[in-house]
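Novice: just the structure for this:
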Amino acid sequence: MGPNVCSQRTIAWDVTSAHSLVDVLQQYDAVQHVVDATCGDNTLDLMVMTSDDTAILPQVAAHPTCFSDHRLVTSRLHVPRDMPSIKS
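Specialist: Numbers count the residues shown, from 1 in each chain. I've put the predicted structure just below:
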């Protein structure tokens, strides 16, 4: 069974709590893939997947744009396409 790219998990964020992003990622067995700065010198825009699905996301990049102070985060997804079966 392949990864469910469209699924969402709701994580309740409490800025004043002692939980860091690393703690939350470990709790949900997840990996954050954006390594470049996305706003100024900070990484504010994230691309998070469970560690089981990291093979489908080998390339993530942040590109400058002319319409925002955030960089555009792009990726290539390596998801196999199932060919439709032909019935005669």
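Novice: pull the number of nearby residues for Ala37.
Specialist: Taking other C-beta atoms under 10 Å as the neighbour definition, Ala37 ends up with a count of 14. Glycine gets a C-beta too; all of them are placed from N, C-alpha and C.
Novice: quick check: pLDDT value at it.
Specialist: Turning to Ala37, the model gives it a pLDDT of 86.
Novice: look at the nearest residue to it once chain neighbours are set aside and report its pLDDT.
Specialist: Setting aside the residues directly before and after it, Ala37 is nearest to Thr43 in space (C-beta to C-beta, 6 or more residues apart in numbering), at 5.8 Å. At Thr43, the model reports a pLDDT of 82.
Novice: ok, Thr43 touching Asp36?
Specialist: Yes - using C-beta atoms under 8 Å as the test, Thr43 is close enough to Asp36 to be in contact (7.1 Å).
Novice: so where is this protein shaky, pLDDT-wise?
Specialist: Low-confidence segments of the chain, defined by pLDDT under 70, are located at 1-19.
Novice: strands along this structure, start to end?
Specialist: Counting by DSSP state E, residue ranges of the strands within the chain are 30-32, 48-50, 59-63, 72-76.
Novice: distance to Val24 and mean neighbour count added to these, as a markdown table?
Specialist: As requested, those are arranged in a markdown table below (distance: least, C-beta to C-beta, whole Å; neighbours: other C-beta atoms under 10 Å):
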| stretch | distance to Val24 | mean neighbour count |
| --- | --- | --- |
| strand 30-32 | 8 | 17 |
| strand 48-50 | 9 | 16 |
| strand 59-63 | 19 | 14 |
| strand 72-76 | 19 | 13 |
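Novice: make a markdown table out of those strands and add distance to Leu21.
Specialist: As requested, the strands of the chain are arranged in a markdown table below (distance: least, C-beta to C-beta, whole Å):
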| stretch | distance to Leu21 |
| --- | --- |
| strand 30-32 | 7 |
| strand 48-50 | 9 |
| strand 59-63 | 16 |
| strand 72-76 | 16 |
